[in-house]
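Chemist: I need the structure of the sequence given here:
(2 chains)
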Amino acid sequence: MGRDLTCKELVELITGYLDGTLPARHRRRFEAHIATCDRCTAYLAQMEMTIRVTGTLTEEQVTDEQRSVLLAAFRDWKTT
Amino acid sequence: MELVDQLQPAMLRVARMYVSTTAIAEEVVQDAWLGVLRGLHRFEGRSSLRTWIFRILTNIAKTRGQREGRSLPFASLAGGDLDAPAVDPGRFDSPEGSSRGRWSTLPDDWAGIPEDQLLGHETLDVIGRVIASLPPMQAEVIRLRDALGWTSEEVRNALDLTETNQRVLLHRARAKVRSALERYLSSEAT
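Modeler: Next up, the predicted model:
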């Protein structure tokens, strides 16, 4: 097993980790790091929350986002 | 037909990646549905039905795009920033010393944010806007994976991506959504 991961390296492995596609060697280093690092634990929690919130978007919201960009621009314009 | 309603918006977006106008994309989607109806007896259930439908769509859209002389390099759909770091390098300690590459500060804890703010329409607008601003293939991967709940295998097959490309596109897209959320939520907190 190679040297320990840095936080900066760990954040780039998160997507593979969450998908369960990290090779076992990397997964062990990932888990060893996160077990003792409150900062990466907080980052992982943010990423999981990001995925959860994105998951509440409906097809309409992802499709209508162009419209919502326009609406947002319109709101900003009205309030200025 | 429910399946048509469900898949139609994503099919239009995907078709539009490969052809030059919305009108042509609509034709491609129609052709794809015809192909689905004609080929349905050959569908073997080895992939999910929606994956199989998207395979047909992607093939037709690519062929149509090539006929238009619109052969796009992967980078123009995927974005030129796939190698960019997920987090601003300034958030980590500088190369000197033993704390090299360590977070300089603790990322915010979002667990204390009330659900109705976190899942409120303003937060969802922020996410919608980021997704709309992504390169097309990054946007489609995060829509299908995270908003619509497809598996990585389904997305990979539907969009004809390698496992690595699918992961890198999703990684980039999620990183951008997370940092936009971080900016938004910390500005709300002050």
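
Chemist: Confirm that B:P85 lies within a strand, as I assumed.
Modeler: No - looking at B:P85 with DSSP: H, G, I helix; E, B strand; the rest coil, it is coil, so not inside a strand.

Chemist: what's the spacing between it and chain A?
Modeler: 7 Å (CB to the nearest CB, to the nearest Å). Quick note: C-beta positions are derived from backbone N, CA and C, even for glycine.

Chemist: Using the three-state scheme, assign the residue lying closest to that residue once chain neighbours are set aside.
Modeler: In this structure, B:P85 finds its nearest non-sequential neighbour in A:E12, 7.2 Å apart by CB to CB, 6 or more residues apart in numbering or on different chains. When classified by three-state DSSP, A:E12 comes out as coil.

Chemist: For A:E12, grab the count of nearby residues.
Modeler: If you count neighbours by other CB atoms under 10 Å in any protein chain shown, A:E12 ends up with 15.

Chemist: Am I right that it is in contact with B:A86?
Modeler: Yes - assessed by CB atoms under 8 Å, A:E12 is found in contact with B:A86 at 5.8 Å.

Chemist: Any figure for the gap between B:G112 and A:L44?
Modeler: 17 Å (CB to CB, to the nearest Å).

Chemist: neighbour count winner among the two?
Modeler: A:L44 (19 against 7).

Chemist: Might one say that that one is in contact with A:I34?
Modeler: Yes - judged on CB under 8 Å, A:L44 makes contact with A:I34 at a distance of 6.5 Å.

Chemist: related to what we said a few turns ago, what residues are shared contacts of A:E12 and B:A86?
Modeler: Common contacts of A:E12 and B:A86 (CB atoms under 8 Å, 6 or more residues apart in numbering or on different chains): B:H171.

Chemist: OK, contacts around the residue nearest to B:P85?
Modeler: B:85-86, B:171.

Chemist: Adding pLDDT, write those residues out as a markdown table.
Modeler: A markdown table is the format used below for those (pLDDT from 0 to 100):
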| residue | pLDDT |
| --- | --- |
| B:P85 | 95 |
| B:A86 | 95 |
| B:H171 | 98 |
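
Chemist: Could you export these to JSON lines, including columns for neighbour count?
Modeler: Listed next are the contacts of A:E12 as JSON lines, based on neighbours: other CB atoms under 10 Å in any protein chain shown:
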{"residue": "B:P85", "neighbour count": "13"}
{"residue": "B:A86", "neighbour count": "20"}
{"residue": "B:H171", "neighbour count": "23"}
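
Chemist: Low-confidence stretches in chain A?
Modeler: A:1-2, A:59-80 (pLDDT under 70).
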